[in-house]
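Colleague: output the structure for:
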Amino acid sequence: MAATHYICQDIAVIPFLWILPLGLYLLSFIIAFDSPRWYHRGFWIPLLFLSVGVIFYLLHPKTADAFSIVGVIAIFSFAMFVAVMVCHGEMFRLRPPAKHLTAFYLVISMEGAVGGVLVNFVAPYLFTGWWEFPIGFIFVFLLTGVTILKRPGKKVHPKKHPELEKGYQGPQHTLKVGIIGLGAGTLSSYSRPGDVYRFYEINPAVLELANTQFTYIKDAKGDIQVVMGDGRISLERELEETGNHQFDVMIVDAFSGDAIPIHLLTVEAMLLYLKHLAPDGILAIHVSNRHLSLEPVIEGIANKLGKKFYFFKNRKARAYGVKKSSWVLLTENDTFINHTGVAKYLDTWPQKGSPQVWTDDYSNLINILE
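Modeller: All right, here's what the predicted structure looks like:
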């Protein structure tokens with residue numbers, strides 16, 4: 001609103017010119033809140049310094065006539081756009097969890113109303129000129145500096161759970177792990193020097209979020225590889241072109257949502273996973289789901305393939321950022337299963353229905369609804 005008053009009354013009294021700063025303001029809001037990929041501090045904050053420097057240069061009486069009216073309007077509008085883009089970008093970074101978003105947007109609306117009162121009713125009594133416009137830029141700098149100091153850009157991870165830190169030590173040799181489903185890349189934090197963690201992810205947006213909003217992949221100690229595309233198709237192609245990977249661990253973590261990829265949970269898919277495992281390898285399947293009981297499907301397939309299967313469940317530990325989850329492991333590695341660090345998480349098999357055998361030609365979600 002300060003920019004609108006300055007541009008439309010002090011620079012040029014042109015009908016409907018107020019639409020320009022309003023449109024730019026709304027555009028910045030849309031861009032910043034559309035996706036985190038649009039706002040990067042390394043680009044927008046230096047641009048803010050540059051554009052505001054030009055603004056204050058033009059505000060000086062000796063340089064006020066350096067550009068034409070059209071040029072001045074364009075420069076001032078661009079500087080305003082950059083400033084509100086920084087503000088909206090930082091607001092988006094500070095947004096709370098989903099359950100608090102209603103209050104968050106309510107406060108944003110209230111702040112807009114307070115800003116309108118300050119510009120329209122308070123500023124005319126405090127200033128003899130349009131000083132709220134340059135003062136607004138100064139406040140943008142101050143608030144941006146406070147925000148950067150408060151949140152410098154790295155996500156703070158929960159402190160490490162002592163059990164997860166110790167974990168299963170296993171052999172001294174390095175591990176080769178295949179994982180379907182990248183998520184935030186959390187599993188990469190378990191890697192050790194020399195380990196190879198190969199992720200299969202179908203959604204490019206997930207990879208971008210994992211690299212821009214989280215640091216698990218960047219901070220990983222092992223070799224982290226990400227293969228884009230459908231996990232099953234990628235594994236089939238690699239089996240034909242380069243042979244099996246001989247993974248020590250194969251993790252399938254793609255069933256936590258409501259719309260599960262059925263083609264990753266069939267007899268044919270399981271056979272493919274097992275082909276990529278080392279002889280004593282472990283196939284781990286994440287079965288936590290709000291509406292579907294996946295255990296009967298894995299039980300039916302494991303029985304058909306003659307494989308041993310085990311049910312694991314961990315407790316929730318909020319202080320360490322650990323959520324309750326359920327896993328089914330298929331393995332012939334008795335040494336691993338009987339290890340004290342592993343056996344304590346072993347749970348009784350849940351009786352959630354009769355075993356189901358899904359194939360590429362048959363599956364039935366109704367039978368496994370909870």
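
Colleague: show me the shaky parts of the protein.
Modeller: Judged by pLDDT under 70, the chain has its weakly predicted residues at 10-13, 61-67, 98-99, 151-171, 258, 318-321, 370.

Colleague: closest to the centroid, which residue in it?
Modeller: Of all residues in the chain, the one closest to the mean position by C-alpha atoms, centre = their mean is Leu209, 3.9 Å from it.

Colleague: just checking, that residue touches Ala184?
Modeller: Yes - taking C-beta atoms under 8 Å as the contact criterion, Leu209 and Ala184 are neighbours in contact, 7.2 Å apart. Quick note: C-beta positions are derived from backbone N, CA and C, even for glycine.

Colleague: who touches both of these two?
Modeller: Residues within reach of Leu209 and of Ala184 at once, by C-beta atoms under 8 Å, 6 or more residues apart in numbering: there are none.

Colleague: so where do the helices sit in the stretch 101-250 of the chain?
Modeller: When secondary structure is read from DSSP state H, counting those that start in this stretch, the stretch 101-250 of the chain shows helices at 101-117, 123-126, 132-150, 162-166, 204-212, 216-219, 231-242.

Colleague: just the buried positions in the second one, please.
Modeller: The neighbour-count criterion (16 or more other C-beta atoms under 10 Å) identifies Ala123 as the buried residues of helix 123-126.

Colleague: next one: stretch 333-349
Modeller: Of the residues in stretch 333-349, those buried under the neighbour-count criterion (16+ other C-beta under 10 Å) are 333, 336-337, 342, 345.

Colleague: circling back to that earlier point, and the helices of the stretch 101-250 of the chain as a markdown table, adding distance to Asn303?
Modeller: Shown next, in a markdown table, are the helices of the stretch 101-250 of the chain (distance: least, C-beta to C-beta, whole Å):
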| stretch | distance to Asn303 |
| --- | --- |
| helix 101-117 | 46 |
| helix 123-126 | 76 |
| helix 132-150 | 55 |
| helix 162-166 | 31 |
| helix 204-212 | 33 |
| helix 216-219 | 36 |
| helix 231-242 | 22 |
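
Colleague: and Lys313, which of those is closest to it?
Modeller: Judged by C-beta to C-beta, the one of the helices of the stretch 101-250 of the chain that comes nearest to Lys313 is helix 162-166, at 13.8 Å.

Colleague: does Lys323 really touch Lys316, like I thought?
Modeller: Yes - assessed by C-beta under 8 Å, Lys323 is found in contact with Lys316 at 5.8 Å.

Colleague: can you report how many residues neighbour the closest residue to Asp347 other than its chain neighbours?
Modeller: Leaving aside its chain neighbours, Asp347 sits nearest to Lys313 (4.5 Å; criterion: C-beta to C-beta, 6 or more residues apart in numbering). A count of neighbours around Lys313, defined by other C-beta atoms under 10 Å, yields 15.

Colleague: follow-up on the earlier one: ok, which of the helices of the stretch 101-250 of the chain comes nearest Phe33?
Modeller: Proximity of the helices of the stretch 101-250 of the chain to Phe33 was assessed by C-beta to C-beta; the nearest stretch is helix 101-117, lying at 9.8 Å.

Colleague: tilt between the closest one and helix 132-150?
Modeller: For helix 101-117 and helix 132-150, the angle between their directions (axes from the mean of the first three to the mean of the last three C-alpha atoms, to 10 degrees) works out to 150 degrees.
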